[in-house]
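Novice: Below is the sequence, then the predicted model.
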Amino acid sequence: MKLMHIIFAASALVFAVSCNKSAQATDEAGNSEKEKQETVSFSKQPRTAQGVIELADDKILRPNKAFEKVTIIDFNATWCVPCKKLSPVFGSVASETPKADFVSVDIDKCSETANAFNVQSVPAIIILGKDGKQKARYEGTAELLPAENFAKIVTENI
């Protein structure tokens, strides 16, 4: 009987020590190695003449990923008339704002990305901070047009 108690106590001690070691394997922010975010970089992505990255890979953008810069995403579709009105404004502000990455996402080509961001209608503009958290979200063009409105929104969020 004593032998069973000793074995049980030794097992509990080994378990407690292993739990303590994994609790210590955290960084200064309190995140374990597995929870650390990989930073998404668009530096090697091709850009339009205005500096907009047209997303072709449906797995790059996901909510809560860290980014090198504030990231402004335009969810759009080729068949969407309001998207066509917003597109030149998006490009114009992108060309004047090097402190942020401007990404265009066609919801028909990148449906997984649109679903990950819960995009229900287009156009939709989502602004993500460097930490990947959503700073602002706009659906439709009412608040974004004319161009001065969109430029002001971008300036306030970078």
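Specialist: Okay, I see it. Numbering: from 1, shown residues only.

Novice: any weak-confidence spans in the chain?
Specialist: Counting by pLDDT under 70, the chain has low-confidence residues at 1-37.

Novice: Show me the strands in it, by range?
Specialist: In the chain, the segments counted as strands under DSSP state E are 39-40, 52-54, 66-67, 70-76, 100-106, 124-128, 134-139.

Novice: tell me the angle the fifth one makes with strand 124-128.
Specialist: Our comparison of strand 100-106 with strand 124-128, counting by axes from the mean of the first three to the mean of the last three Cα atoms, to 10 degrees, yields an angle of 140 degrees.

Novice: Make 636 the starting number, not 1.
Specialist: Done: numbering now begins at 636, and the last item shifts to strand 735-741.

Novice: For strand 735-741, buried residues please.
Specialist: By 16 or more other Cβ atoms under 10 Å, the buried positions in strand 735-741 come out as 735-741. For every residue, glycine as well, the C-beta is placed using N, CA and C.

Novice: What of the last one?
Specialist: Within strand 769-774, the residues that qualify as buried by neighbour count (16+ other Cβ under 10 Å) are 770, 773-774.

Novice: Same question for stretch 679-695.
Specialist: For stretch 679-695, burial by neighbour count (16+ other Cβ under 10 Å) applies to 686-690, 695.

Novice: what about that stretch, start to end distance?
Specialist: One end of stretch 679-695 sits 13 Å from the other (Cα to Cα, to the nearest Å).

Novice: Need the contact partners of that stretch.
Specialist: By Cβ atoms under 8 Å, 6 or more residues apart in numbering, the residues outside stretch 679-695 that reach it are 675, 677, 696, 709, 725-727, 729-730, 733, 736-741, 744-748.

Novice: so K768 makes contact with A701?
Specialist: No. At 9.6 Å, K768 does not count as touching A701 under the criterion of Cβ atoms under 8 Å.

Novice: Comparing these two, which shows the higher neighbour count?
Specialist: Using other Cβ atoms under 10 Å, the more surrounded residue of K768 and A701 is A701, with 16 against 10.

Novice: List the residues that contact the more buried one.
Specialist: Shown in contact with A701 (Cβ under 8 Å, 6+ apart): 672-675, 765-767.

Novice: repeat that with 10 Å
Specialist: Listed by Cβ atoms under 10 Å, 6 or more residues apart in numbering, the contact set of A701 reads 671-676, 763-768.

Novice: what are the ranges of the helices in the protein?
Specialist: Secondary structure of the chain (DSSP state H): helices at 637-659, 716-730, 746-751, 782-792.
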